[in-house]
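Student: here is a sequence together with a model predicted from it:
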Amino acid sequence: MTAVIYVVGGILSLAAIMAVYRAVIGPSVLDRVLALDVVLATIGAGLVLNMIVGRHTDNLVLLVVVSLIGFIGSVTVARFVTDRK
């Protein structure tokens, strides 16, 4: 089980690094917003992994807050981009 936890943690770390790279290099605003949304989803997955490993639900409120920030941010940028055209 420990090996699975390390593999999943490594995959999440790699996904976060690649998404941050895309957010920095991304050619358009929508690419950057999508990459940052992926970063927030990866953070949420990391919180879930922490809760599974520790067998607790201490981070549940933080997980909901991170999810809401990602959702509200994506919707706000989408409305801004559609109004701009």
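Tutor: Right, received. Where do you want to start? All of these numbers come straight from a predicted model, not from anything done at the bench. Residues are numbered from 1 along each chain as shown.
Student: can you map out the helices along the protein?
Tutor: With helices called from DSSP state H, the chain shows them at 2-25, 29-54, 60-84.
Student: could you give me the buried positions within the shortest one?
Tutor: Residues of helix 2-25 classed as buried under the neighbour-count rule (16 or more other CB atoms under 10 Å) are 8, 12, 15-16, 19, 22-23. All C-beta spots, glycine's among them, are computed from the backbone N, C-alpha and C.
Student: just flag the most distant two among the residues you listed.
Tutor: Within the buried residues of helix 2-25, Val8 and Ala23 form the most distant pair, 22.3 Å apart (CB to CB).
Student: so for the residue nearest to Val38 when sequence neighbours are not counted, what's the pLDDT?
Tutor: Leaving aside its chain neighbours, Val38 sits nearest to Ala19 (4.1 Å; criterion: CB to CB, 6 or more residues apart in numbering). Per-residue pLDDT puts Ala19 at 96.
Student: which elements pack onto the lowest-mean-pLDDT helix or strand in the chain?
Tutor: When the helices and strands of the chain are scored by mean pLDDT, DSSP states H and E, helix 60-84 comes last with a mean of 90. Helices and strands touching helix 60-84, as assessed by 3 or more CB pairs under 8 Å, 6 or more residues apart in numbering; DSSP states H and E, comprise helix 29-54.
Student: helices and strands around the helix it packs on, which ones?
Tutor: Using 3+ CB pairs under 8 Å, 6+ apart, the elements in contact with helix 29-54 are helix 2-25, helix 60-84.
Student: can you put those in a markdown table and add distance to Asn50?
Tutor: Formatted as a markdown table, the helices and strands packed on helix 29-54 follow (distance: least, CB to CB, whole Å):
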| stretch | distance to Asn50 |
| --- | --- |
| helix 2-25 | 10 |
| helix 60-84 | 10 |
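Student: pull the number of nearby residues for Leu40.
Tutor: Per other CB atoms under 10 Å, the neighbour tally for Leu40 reads 19.
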